[in-house]
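In: starting from these lines, generate the structure:
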Amino acid sequence: MTQKLNDKVLARWAALLIVSFTMMAAYYVNDVMAPLKGMLEADLKWTSGEYGFFTGAYSFLNVFLLMLIWGGLILDKFGIRFTGMLSAVLMVGGTIAEYLAITEFGGTEEMLLGYKFDVLLASAGYAVFGVGAEVGGITVTKIIAKWFDGKEVATAMGVQVALARIGSQVAYTVAIPVARTWQLDTPLLIGAVLLIGGLVAFLCFSWMDKKLDRQVSINTATADEDKFSFKDVVAVIANPGFWLIALLCVLFYSCVFPFQKFATELMITKYNVSENIAGTFVGLPALGALILTPVFGGIIDKRGKSASIMMLGSAMLILVHSIYAIPSIHSSWIAIILMIVLGIAFSLVPSAMWPAVAKIFPVKQLGTAYALIFFIQNIGLWGIPALIGYVLETYCCTTEMVEGVAVNTYDYTIPMCIFTGIALTSLFIAFLLKVADKKYGYNLEKANIKA
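Out: Numbers count the residues shown, from 1 in each chain. You can find the predicted model right below:
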């Protein structure tokens, strides 16, 4: 038998780096508007409720039109190359619509469907981008499961997450300085250019993957075995491990991504962090993930303990959000330390969670399994930002007149209590997953690398 392309260390890691660039650009665009919440309110006259609606729009189509479900079915039916290109095109198109909303219609009082037109158009573009980004995420995850099967899969997933987090860290770091130096829309324009580069990068990967498929197709019996059937959807849903992983996913990420969308303002208003560097501190979890996720992935590959690590990460979230919820703590250095701890948790859980899915489900069901998990995750990514925005505007807002201009300030105690409650629930689910691992033999506590 000839050596396959993914048996070559250089080839499989080159493929990973190529697709990781696409996701790096996606993560940049996903997070680049979060530090600009104050500027959106000041320059475009958005409210916290409108900002929460915009942020939650990322998951709107994925949740209510089941676009992630369809994306998973398309992935398993038509393959990673077609689905990856489709997701890249959607991300570029959605980002351009979001950019036009700010540049051409920003600050308009024109209403449509009960919303200001610029808010609605930006939200629609972000929703289309969200479909592309989430479908791209499950596609890249399946790519790694395919190219690193029986090899350093958790390390590879950790590296991919780490590289993607570079996009997040850059977004949080440069968004406010770039917007102040040029214009409010400039950070988003940079993201559109990066995504076009990501589209080109995925074209390059498609050529490599096509070559690998030609090598694998020699074994036609295996290819027939792995052919997707819609019965696999039922099989995925019937697996108890699916529900535990999915619930843990939505609870854990609902404590991280929605929190980060509001954390820049929290840093400025409660902890008196300078506006120019607040976004950098909020990006610390992404920086931590950049450094630690590959490390934790390597440990899991060699020693296992995935279920235990997911429990540890959830417990760390409880610590972080409960301290943020204490009204009397205003020290900036405590806030920064908590962000670092959040970054460690943000590295622990994904490095254990996503390779665990590949243990629970066979390859032919992976696309569907990841899509359903991401779908449930998106319910939280849609609902929690909208909830936090509503709570802030309704119960936590104080308006003061500064030099004749009305300025809103927000008390984040109640929102942080909400995040703490979600984190507590995630720890309970992680414990149940460890129990299920022993009962059903998922081998989550065992190493990933096969002898």
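In: any idea of the mean pLDDT in the helix or strand containing residue 75?
Out: Applying DSSP states H and E as the criterion places residue 75 in helix 67-78. The predicted model gives helix 67-78 an average pLDDT of 82.
In: next secondary structure after the helix ranked longest in the chain?
Out: In the chain, with assignment by DSSP state H, the single longest helix is helix 363-395. Sequence order places strand 397-402 as the next helix or strand after helix 363-395, per DSSP H and E.
In: helices and strands around the very next helix or strand once past that following strand, which ones?
Out: Beyond strand 397-402 in the direction of the C-terminus, DSSP H and E gives the next helix or strand as strand 405-410. The helices and strands touching strand 405-410, judged by 3 or more CB pairs under 8 Å, 6 or more residues apart in numbering; DSSP states H and E, are helix 257-269, strand 397-402. For every residue, glycine as well, the C-beta is placed using N, CA and C.
In: out of these, which gets the lowest mean score?
Out: Ranked by mean pLDDT, those end with strand 397-402 in last place, scoring a mean of 76.
In: note down every partner strand of that one and its orientation.
Out: Within its sheet, and counting by DSSP bridges, strand 397-402 is paired with strand 405-410 (antiparallel).
In: now the helix or strand that the partner strand is followed by and helix 257-269, what's the angle there?
Out: Next along the chain after strand 405-410, taking DSSP H and E as the criterion, comes helix 413-440. Relative orientation of helix 413-440 versus helix 257-269 (axes from the mean of the first three to the mean of the last three CA atoms, to 10 degrees): 150 degrees.
In: the residue lying closest to residue 117 once chain neighbours are set aside and residue 435: what is the separation?
Out: Once flanking residues are discounted, residue 117 sits nearest to residue 110: 4.4 Å by CB to CB, 6 or more residues apart in numbering. Separation of residue 110 from residue 435 (CB to CB, to the nearest Å): 55 Å.
In: before we move on, the earlier item: most packed of the helices and strands packed on strand 405-410?
Out: Ranked by mean neighbour count, the helices and strands packed on strand 405-410 are led by helix 257-269 with a mean of 24 (mean count of other CB atoms under 10 Å).
In: can you show me the CA trace of the helix or strand following it as CSV?
Out: Beyond helix 257-269 in the direction of the C-terminus, DSSP H and E gives the next helix or strand as helix 275-282. C-alpha atoms of helix 275-282 as CSV (Å, rounded to 0.1, in the frame of the first residue of the first chain):
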residue,chain,number,x,y,z
GLU,A,275,-10.9,52.5,26.6
ASN,A,276,-7.8,52.0,24.4
ILE,A,277,-6.6,48.9,26.2
ALA,A,278,-9.9,47.4,27.5
GLY,A,279,-10.4,45.4,24.4
THR,A,280,-6.9,43.9,24.8
PHE,A,281,-7.8,42.6,28.2
VAL,A,282,-11.0,41.2,26.9
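In: which secondary structure elements does whichever helix or strand comes after helix 275-282 contact?
Out: Next in sequence after helix 275-282, counting helices and strands by DSSP H and E, comes helix 284-303. Packing partners of helix 284-303 (3+ CB pairs under 8 Å, 6+ apart): helix 153-181, helix 306-324, helix 332-360.
In: helix 284-303 to helix 332-360, inter-axis angle?
Out: Using the same axes, to 10 degrees: helix 284-303 against helix 332-360 is 40 degrees.
In: distance check, residue 434 against residue 354.
Out: According to CB to CB, residue 434 stands 17 Å off from residue 354.
In: again with residue 210
Out: Here residue 210 is placed at a distance of 25 Å from residue 354 (CB to CB).
In: now swap in residue 79 and tell me
Out: Residue 79 is 20 Å from residue 354, where distance means CB to CB.
In: of these two, who's got more company?
Out: residue 354 (26 against 19; other CB atoms under 10 Å).
In: which residue packs closest to residue 237, ignoring adjacent ones?
Out: residue 372 (7.2 Å).
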